[in-house]
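> Any chance you can model this:
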Amino acid sequence: MNGVDHAGRALGGFLRARREQVPPERVGLAGGRRRRVRGLRREELAQLAGISVDYYVRLEQGRATQPSAEVLDALARALGLDAAGRQHLRTLATARRGPAPKTQVSPLLRRVLDDLTRSPAFVTNERLDVVAWNRLGAELLGGLGDPGRRDRNQARFLFLDPASREVFPEWPDRAREAAGQLRVSAGRYPDDPDLVALITDLSAWSMDFRRFWATGGVVMCGAGRKRLRHPATGPLTLDYETFQAPATPGESGLVMHVFSAPEGSREAAALARLITTSSGVALET
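Down below sits the predicted model:
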């Protein structure tokens, strides 16, 4: 299979998955039990996007590739894609190939992690491997410092280890995010063998992963609030922010995730208690 064929199939699969997630009522069409398809019909989406049905069918079947920017924008509007979805759609239309970049944790990034003594932090790559962390991050996320306690790949931990549901009280949200982040990576690096193996493994062993993956959802790291649970503190609601650490020009490379709590809050006091019980140092696997 050549690169264009590969990209066409990925683009078509994403369009089909997202089309099936659009309720007809949202775009002013009649829904109800009489509809034989989930979401929008192909001809309905083509009309909403202002393109011919034949051309849309060829896009979804992978027989038409590299649509124009105007067509992509029209499809994104018709599908109601957010910023992450629009970017993913554009990525799939570029027919890029190759493995993910080889990323390394720089000495500076290591020092930054070690200096964050009051804020849990960890670093992931495109496959959601946790490649570095600080002491609080290791403790809060289920024992990253001890490879016997949990898998250091966030997706495998979430979908294949029941302990993840204790660490993440809002497990469905975290699992959906992980599947969406892997889909973004798969669009960028469709030929990365380790990424392909990970997605294949998760698809084989986790019904939940298959369910989230089938929606075509995409997620890019951002900021907000998340709930976590630790045996010594109970549930914690923490603010979080993500920071990109470029590997090479144009590549996102690594992502640093940092959690924090307002000064004087119960969560801040709980994190202070964890400092005395945490173990391990920031390191690269």
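> use CA for all of it now, contacts and neighbours both
OK.
> Show the residue spans covered by the helices in the stretch 151-285 of the chain.
154-160, 164-167, 171-188, 193-205, 207-214, 266-277 (DSSP state H, counting those that start in this stretch).
> Need the per-residue pLDDT for the nearest residue in space to Gly180 that is not next to it in sequence.
Nearest non-adjacent residue to Gly180, counting by CA to CA, 6 or more residues apart in numbering: Val218, 3.9 Å away. The model reports Val218 with a pLDDT of 94.
> thought Val218 was touching Leu89?
No: using CA atoms under 8 Å, Val218 makes no contact with Leu89, being 9.8 Å away.
> More neighbours: which of those two?
Val218 (27 against 23; other CA atoms under 10 Å).
> list the contacts for the more buried one?
Ala84, Gly85, His88, Glu177, Ala179, Gly180, Gln181, Arg183, Val184 (CA atoms under 8 Å, 6 or more residues apart in numbering).
> ok, Gln21 - how many residues close by?
Neighbour tally, Gln21, other CA under 10 Å: 16.
> That one and Ala93, how far apart?
20 Å (CA to CA, to the nearest Å).
> ok, now Glu43?
Glu43 is 21 Å from Ala93, by CA to CA.
> These two: which is more packed in?
A side-by-side neighbour count of Glu43 and Ala93, using other CA under 10 Å, places Ala93 first with 21 against 15.
> Correct me if wrong: the more buried one contacts Gln66.
Yes: using CA under 8 Å, Ala93 makes contact with Gln66 at a distance of 4.9 Å.
> what bits of the stretch 1-150 of the chain have low per-residue confidence?
Applying pLDDT under 70 to the stretch 1-150 of the chain flags residues 1-8, 30-34, 95-97.
> where do the strands sit along it?
121-124, 130-133 (DSSP state E, counting those that start in this stretch).
> Could you list every helix and strand in contact with the lengthiest strand in the chain?
Determined from DSSP state E, the single longest strand within the chain is strand 234-245. Applying 3 or more CA pairs under 8 Å, 6 or more residues apart in numbering; DSSP states H and E, we find strand 234-245 packed against strand 223-230, strand 254-260, helix 266-277.
> re the thing from before, any idea which of the contacts of Val218 is the one closest to Ser119?
Checking these against Ser119 by CA to CA gives Glu177 as the nearest, at 21.9 Å.
> Need the pLDDT of that closest one.
For Glu177, the model assigns a pLDDT of 96.
> What of the one 4 residues further on?
Per-residue confidence for Gln181 comes out at a pLDDT of 95.
> Let me know how buried it is, in neighbour terms.
21.
> What of the one 10 residues further on?
By the measure other CA under 10 Å, the count of residues near Asp191 is 17.
> Contact partners for Glu20?
Val37, Arg38, Gly39, Leu40, Thr215.
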